[in-house]
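Visitor: Could you work out the structure for the sequence below:
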Amino acid sequence: MIRPYFFLILQMLVADLFAQGGAKPAAPLKAELHVVRNEPFAQTVSTVGTLRANESVTLVSELSRLLTKIHVEEGSEVKAGDLLFKLDDSDLQAELKQVDAQLQLAEVNKRRAENLAPRKAMSQQEYDAAISTYNLLLARRNTQEVQIAKTEIRAPFSGRVGVRQISEGAYVSPQTQLITLQDVSRIKVDFPLPERYAAEVKTGQKFIFTVAGSGTEYEGAVTVIEPAIDAATRSLLVRGLCSSPKGLLPGGFADVSLTLDKPANGFMVPSQAIVPSPRGQGLWLIENGKAKLQTVEIGIRTEDEVQILRGVKEGDVVATTNLLRIRPGLEVSSAAP
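Guide: Just a heads-up that it's a prediction; the model follows:
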């Protein structure tokens with residue numbers, strides 16, 4: 001007795017489902033649409049650069065001598081000309097005193113020769129010998145003073161010294177590294193630029209960059225452009241200068257964004273319109289109200305747009321929202337009021 005009622009109820013449910021399905025077709029999916037236009041846009045090139053000190057040097061001695069005194073603290077600020085290290089010069093000072101004594105006598109003989117020669121009271125040979133001896137000793141004294149000056153190692157520019165590599169009492173040579181000195185009042189940023197952009201960068205051009213571990217955005221200006229392309233990398237070396245380098249350390253990497261001098265034309269679409277496709281990346285084209293997945297080739301990216309090199313034409317309409325719900329052939333209409 002139960003079975004006839006069961007089949008009756010089942011028939012009613014099936015009939016109701018068919019009635020609901022055929023009574024009212026599904027409404028088109030609402031999405032924001034974008035019309036593709038060929039328009040100018042600012043080209044921004046992203047590249048990775050290296051931070052360098054404005055000036056940097058590893059100090060060494062020109063002479064092989066005993067280090068007698070260290071006048072600088074590690075990590076301290078120094079000014080150009082400050083005495084940093086003193087080498088033993090006792091033997092040089094003794095030789096200088098000896099030369100001074102000889103030079104004093106030679107100067108007396110020189111004056112005597114200059115007085116006697118015009119009166120023919122001295123031969124030309126004796127005169128020449130007196131003048132030559134004086135000049136040789138004077139040159140020897142100058143050389144000795146130069147050598148003594150080399151025993152004082154001074155800061156060639158203002159900056160901050162690093163970790164000292166030597167101690168007092170050590171014997172140093174021109175191969176001995178004493179300490180590093182860096183001027184970080186300004187920071188240089190060296191970065192490569194692809195060859196195709198070589199004509200679109202100029203000195204004075206501004207760029208921005210960030211460094212790892214910091215949310216600060218720094219600004220720099222291009223100061224030098226290498227006059228030749230690197231044959232191995234097909235890139236152009238560009239150097240910029242950051243005048244406000246607080247928090248920057250030489251040797252670090254910089255993520256550089258440079259807006260090129262000359263704007264370009266192209267098909268630009270909002271970045272959010274890009275979706276995966278079986279052959280790479282694509283867009284949902286809306287043709288005659290229905291969706292079609294179009295594979296595209298992407299070019300330059302700006303902050304919120306993407307250049308499409310291949311796959312679209314001017315006037316095409318693409319969906320920019322509700323992308324996860326769109327399927328090929330689905331009816332899509334504009335969400336704009």
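Visitor: now the helices for the stretch 51-200 of the chain?
Guide: 90-116, 124-149 (DSSP state H, counting those that start in this stretch).
Visitor: what's the angle between the shortest one and helix 90-116?
Guide: Helix 124-149 and helix 90-116 meet at an angle of 150 degrees, taking axes from the mean of the first three to the mean of the last three C-alpha atoms, to 10 degrees as the criterion.
Visitor: List the buried residues in helix 124-149.
Guide: 127, 130, 131, 133, 134, 137, 140, 141, 144, 147, 148 (16 or more other C-beta atoms under 10 Å). Where C-beta positions appear, they are placed from N, C-alpha and C, glycine not excepted.
Visitor: now stretch 69-87
Guide: Buried-residue list, stretch 69-87, by 16+ other C-beta under 10 Å: 70, 72, 78, 84, 85, 86, 87.
Visitor: rewinding a little: can you check which of the helices of the stretch 51-200 of the chain gets nearest to residue 248?
Guide: Between residue 248 and those, the tightest spacing by C-beta to C-beta is seen for helix 124-149, at 35.4 Å.
Visitor: and the closest one, what does it pack onto?
Guide: helix 90-116 (3 or more C-beta pairs under 8 Å, 6 or more residues apart in numbering; DSSP states H and E).
Visitor: tell me the mean pLDDT for the helix it packs on?
Guide: Averaged over helix 90-116, pLDDT sits at 93.
Visitor: for that helix, packing partners?
Guide: helix 124-149.
Visitor: Now with 10 Å, please.
Guide: Contacts defined by 3 or more C-beta pairs under 10 Å, 6 or more residues apart in numbering; DSSP states H and E place helix 90-116 against strand 65-70, helix 124-149.
Visitor: Between the ones you listed, which one is closest to residue 244.
Guide: That would be strand 65-70 among the helices and strands packed on helix 90-116, by C-beta to C-beta, at 33.2 Å.
Visitor: how big is the angle separating that closest one from helix 124-149?
Guide: Orientation note: strand 65-70 sits at an angle of 50 degrees relative to helix 124-149 (the same axes, to 10 degrees).
Visitor: Show me what residue 218 bridges to in the sheet.
Guide: Using DSSP bridges, the bridge partners assigned to residue 218 are residue 209.
Visitor: Name the next helix or strand downstream of the helix or strand of the chain with the lowest mean pLDDT, please.
Guide: One helix or strand of the chain scores below all others by mean pLDDT, DSSP states H and E: helix 2-23, with a mean of 42. Heading C-terminal from helix 2-23, the first helix or strand you meet, by DSSP states H and E, is strand 29-31.
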